[in-house]
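In: structure of the sequence below:
(one chain, ligands or ions: 1)
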Amino acid sequence: MSVFVNGNAIFNDARKGHYAVGAFNTNNLEWTRAILQGAQETNTPVLIQVSMGAAKYMGDYKLVKTLVEEEMRVMNITVPVVMHLDHGNYEAAKECIEAGYSSVMFDGHDLPFDENLEKTKEIVKLAHAKGISVEAEVGSIGGEEDGIVGAGELASVEEAKAIAATGCDYLACGIGNIHGPYPENWTGLNFDRLKEIADAIDTPLVLHGGSGIPQEQIEKAISLGVSKVNINTENQLAFAAATRKYIEEGGDQNGKGYDPRKLLNPGYNAIVDTVKEIIGWLGTPSVK
Ligand code: 13P
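Out: This is a model prediction of the structure:
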């Protein structure tokens, strides 16, 4: 039996309860452990998600799933964990459905809309037959993440309705959000469009590009219907800053400070703290 839960129970409750659950990208063993530790310490559900690029870097989808599963075992993780594919193409979504993920994102934003719709339907059918939840995308997320590039097109309400009708479990919408750091001249999230979409469909909505959005905007987005918030860059920045500080202060030269387990520790702790802080922003309630 799988140790993972699928996203349905979590996100339907989240949408009704006006809170969100964090989906954190993993990149390696340290990231995986730090995300699990942050969620366990806050006693809240969590998604660990992997991009196609990060899965390739680490090995393959199965390896990532096994790593998360085995870390949950040795760390005695008791909070609900969703194993999710982030921005998968059609082939990746199918592979993760086979590999035992409990949730997959099929991102068809770069396809003609009708093809996005058809392929979303197919993935929903394959995934639901195995109790796996599906995230789909309308419009696009600006910027770039692991080779997935989007122009940041605003999601259309009609397209959101059509994709939601496929039975997908949660929906990522382009509402002015961007992967990676936000530029100085960013004008903020488009709350009018978010509200129009949230009023038109009951599907829980996903806010990609969560890193760097001011807390008040995240809270407002959650109050309007966002139930899943994706975070990758924030953890990368926290890890890099803590590692830089350690090295610049000569930590790697004191005693055996160059030992990778010591060298990576400040960055590791910075991810645990970041995950816990963001979970607090999202208002995710503790599991009973
Ligand atoms: P950030 O780059 O803002 O962390 O976004 C992560 C994300 O949306 C993953 O899909």
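In: please make it C-alpha for all contacts and neighbour counts, starting now.
Out: Fine.
In: which bits of this structure sit near the ligand?
Out: Residues of the chain lying close to the ligand (CA under 6 Å from any ligand atom) are 86, 179, 180, 208, 209, 210, 211, 230, 231, 232, 233, 234.
In: which non-adjacent residue is nearest the third one?
Out: It refers to residue 180. Among residues not flanking residue 180 along the chain, residue 233 sits closest, at 5.6 Å (CA to CA, 6 or more residues apart in numbering).
In: need phi/psi at that neighbour.
Out: When read as degrees, to the nearest 10, the backbone of residue 233 gives phi -60, psi -40.
In: what of the one 5 residues further on?
Out: Backbone dihedrals for residue 238, given as degrees, to the nearest 10, come out at phi -60, psi -40.
In: got the contact list for it?
Out: Contacts for residue 238 were tallied using CA atoms under 8 Å, 6 or more residues apart in numbering; they are 267, 270, 271, 274.
In: in ChimeraX, select just the buried ones from the residues of the chain next to the ligand.
Out: Only the buried entries of the residues of the chain next to the ligand go into this ChimeraX selection, using 16 or more other CA atoms under 10 Å:
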select :86,179,180,208,209,210,211,230,231,232,233,234
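In: filter the residues of the chain next to the ligand down to the ones in helices?
Out: 233, 234 (DSSP state H).
In: residues touching residue 173, list them.
Out: 137, 138, 139, 140, 141, 154, 155, 160, 205, 206, 207.
In: number of residues surrounding the residue lying closest to it once chain neighbours are set aside?
Out: Closest residue to residue 173 apart from its sequence neighbours, by CA to CA, 6+ apart: residue 138 at 5.1 Å. Residue 138 has 29 neighbouring residues, counting by other CA atoms under 10 Å.
In: kindly state the pLDDT recorded for residue 138?
Out: If you check residue 138, the pLDDT there is 93.
In: swap in residue 163?
Out: pLDDT, read off for residue 163, is 97.
In: circling back to that earlier point, so which of the contacts of residue 238 wins on neighbours?
Out: Going by other CA under 10 Å, residue 271 tops the contacts of residue 238 with 28 neighbours.
In: just how off-centre is the worst-scoring helix or strand of the chain on mean pLDDT within its chain?
Out: Every helix and strand of the chain was ranked by mean pLDDT, DSSP states H and E. The lowest is strand 148-150, at a mean of 75. With CA atoms, centre = their mean, to the nearest Å as the basis, strand 148-150 stands 15 Å off its chain's centre.
In: which residues sit against that strand?
Out: Contacts of strand 148-150 (CA under 8 Å, 6+ apart): 87, 110, 140, 141, 142, 143, 144.
In: for stretch 242-253, measure first residue to last.
Out: Terminal residues of stretch 242-253 are spaced 16 Å apart (CA to CA, to the nearest Å).
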